[in-house]
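Chemist: Here is my input; please provide its structure:
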Amino acid sequence: MPQIVLIGLVAVLLWALVSRRFARWGVAGPVGLLLLGAIAVLPATDAFLATLDASTTEPIVEVILALLLFVDATEVRGSIFGGVGRVILRLILVALPLSLVLAVIAASFLVDVTNVFVLIAIACVVMPTDFAPAAQLLRSRRLPAKARQILNVESGYNDGLVSPLFTIAVAIGAALAVFETSNPSVAEESLLDDFGDAFEKAGHAVGHAVPATLYAILIGAALGALTGWVARIARDRDLAGTDGIRIVMLAVPLIAYAIATLPAIDANGFVTAFVAGVAYRLARLGRGASGEARAIPHEELLLAEEVSSFTAMFVWFILGGVATASIVAGLITWQIALFALLALTLLRIVPVWLSLLGSRISGRDRLTIGAVGPRGTASIVFGLLAYNRLSEGDANAVLVVMLITVMGSVVLHGFAAPFLLRRLYPHEDAGVEAQPRRA
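Modeler: Residues are numbered from 1 along each chain as shown. Okay, the predicted model is just below:
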């Protein structure tokens with residue numbers, strides 16, 4: 001086991017013992033683990049970065065992402081789009097692609113990387129939303145109930161939809177980096193071999209992307225629907241208790257990811273886990289799942305939620321280490337900071353606003369949905385995967401972009417967004433507080 005994993009597990013254990021007291025002081029779990037990570041790696045930042053780039057780290061990060069995607073998909077309430085389908089389709093089919101395109105354009109001016117596919121990977125890192133660093137926003141009584149539901153559902157889907165594009169972009173970006181980083185002093189025959197390998201890898205990534213995604217969808221849909229249907233029958237006939245279904249819900253994403261990544265199949269494990277979550281939820285709820293308030297019973301979700309929360313805490317600990325290592329190595333630049341600020345504000349707010357023009361969502365609510373888009377665990381995991389797979393220069397750039405974006409989100413969405421809600425809804429109370437996902 002890598003040493004940093006052991007230290008991270010100890011940090012999570014220590015935080016769990018004191019988290020309630022810190023929560024009373026307004027210190028959320030992600031922030032607490034981030035601070036612990038920043039302190040823990042201070043004596044050996046170079047060794048920490050080497051551990052992140054080790055072959056043993058990538059599978060751990062991949063399994064964490066698969067679990068998080070599954071949990072996101074199963075926690076959506078109601079029908080497949082949570083009763084706000086028209087708005088969600090606008091957000092994921094119009095706003096999200098436009099945000100990605102704008103992020104690629106902005107990054108091309110502000111982030112120094114080798115090729116456009118690395119820029120696409122960066123866009124995929126900074127755009128998925130996640131309420132882990134700003135869970136209080138979804139509990140705010142000032143946030144209208146419909147906006148809360150839209151934000152909940154959107155954050156459950158955008159990382160799953162971005163994951164296949166991210167995987168393709170990283171694979172091609174890593175292969176094409178050979179052309180930018182090749183050393184002219186190396187023998188011509190060696191360079192030709194490198195170029196040949198790069199062409200082969202890039203061609204495989206492009207040619208394999210569509211079938212890998214299709215296989216992932218088929219496997220995820222079949223596995224999720226079958227296990228969801230069996231779980232519903234088992235509960236209806238009293239063959240399984242709540243504790244048994246909880247274990248099922250933890251096992252499904254792990255099995256989905258394992259099947260998809262078998263060498264004989266070689267599908268996209270992230271898409272498989274995400275689709276399995278969607279299919280499981282619909283099959284578990286059955287025909288009555290069209291009601292907006294319907295959801296998988298929370299007692300069945302509890303184990304998968306807790307495990308995903310545990311892994312998310314570990315991910316935030318790693319982010320703290322990344323912060324310290326990046327500062328020590330002098331990797332942070334004003335250009336990257338500016339890009340992160342744009343990604344958290346204009347590059348999301350403008351596409352969301354434009355995508356919802358002509359809908360029944362008011363201008364005030366459009367601004368709220370666009371502004372309230374924290375970045376968290378999904379961005380961290382995508383950033384760590386990119387760091388593990390890209391060449392050194394590109395890897396460092398992506399890692400620092402991820403770091404500044406998520407850290408900026410902690411500040412903007414943890415402190416500035418509540419102020420924005422007070423200004424937008426000074427006399428309104430949205431009613432009952434809602435439980436945030438993966439707080």
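Chemist: hey, let's count contacts and neighbours off CA atoms from now on
Modeler: OK.
Chemist: quick one, what contacts the residue nearest the centre of the chain?
Modeler: Taking CA atoms, centre = their mean, the centroid of the chain lies closest to A378, which sits 1.8 Å from it. By CA atoms under 8 Å, 6 or more residues apart in numbering, the contact list for A378 reads 65, 68, 125, 128-130, 159.
Chemist: which of those sit farthest apart?
Modeler: The span of the contacts of A378, defined through CA to CA, is set by L68 and V125 at 15.0 Å.
Chemist: Sketch out the low-pLDDT regions of this structure for me.
Modeler: For the chain, the stretches flagged by pLDDT under 70 are 1-2, 25-28, 78, 178-208, 287-293, 427-439.
Chemist: Sticking with I219, tell me its helix or strand.
Modeler: Assigned by DSSP states H and E, I219 belongs to helix 188-236.
Chemist: And the next helix or strand past that helix?
Modeler: Counting by DSSP H and E, what follows helix 188-236 is helix 242-260.
Chemist: who does that next one touch, helix- and strand-wise?
Modeler: With contacts taken as 3 or more CA pairs under 8 Å, 6 or more residues apart in numbering; DSSP states H and E, helix 242-260 sits against helix 57-74, helix 188-236, helix 269-285, helix 298-329.
Chemist: and of those helices, who's closest to A371?
Modeler: Nearest to A371, of the helices and strands packed on helix 242-260 and by CA to CA, is helix 57-74 at 20.7 Å.
Chemist: Flag every buried residue along that closest one.
Modeler: Across helix 57-74, burial judged by 16 or more other CA atoms under 10 Å covers 57-58, 61-74.
Chemist: And it, what does it pack against?
Modeler: For helix 57-74, the packing partners by 3+ CA pairs under 8 Å, 6+ apart are helix 145-181, helix 242-260, helix 269-285, helix 298-329, helix 377-389.
Chemist: possible to save those helices as TSV with distance to L34?
Modeler: Below are the helices and strands packed on helix 57-74 laid out as TSV (distance: least, CA to CA, whole Å):
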stretch	distance to L34
helix 145-181	22
helix 242-260	26
helix 269-285	25
helix 298-329	4
helix 377-389	12
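Chemist: Of the ones you listed, which is nearest R21?
Modeler: helix 298-329 (16.9 Å).
Chemist: Tell me what angle that closest one forms with helix 242-260.
Modeler: Helix 298-329 and helix 242-260 are oriented at 50 degrees to each other (axes from the mean of the first three to the mean of the last three CA atoms, to 10 degrees).
Chemist: what's the following helix or strand past helix 298-329 in contact with?
Modeler: As assigned by DSSP H and E, the chain's next helix or strand after helix 298-329 is helix 334-344. Applying CA under 8 Å, 6+ apart, the contact partners of helix 334-344 are 103, 106-107, 110-111, 126-127, 371, 373-374, 400-401, 404-405, 408-409.
Chemist: from these, which is closest to G321?
Modeler: V400 (11.8 Å).
Chemist: contact partners of the helix or strand where the closest one lies?
Modeler: In this structure, V400 sits in helix 392-411 according to DSSP H and E. Residues from elsewhere that reach helix 392-411 (CA under 8 Å, 6+ apart): 111-114, 118, 122, 125-126, 133-134, 319, 322-323, 326, 331-332, 336-337, 339-341, 343-344, 374-376, 379-380, 383-384, 386-389.
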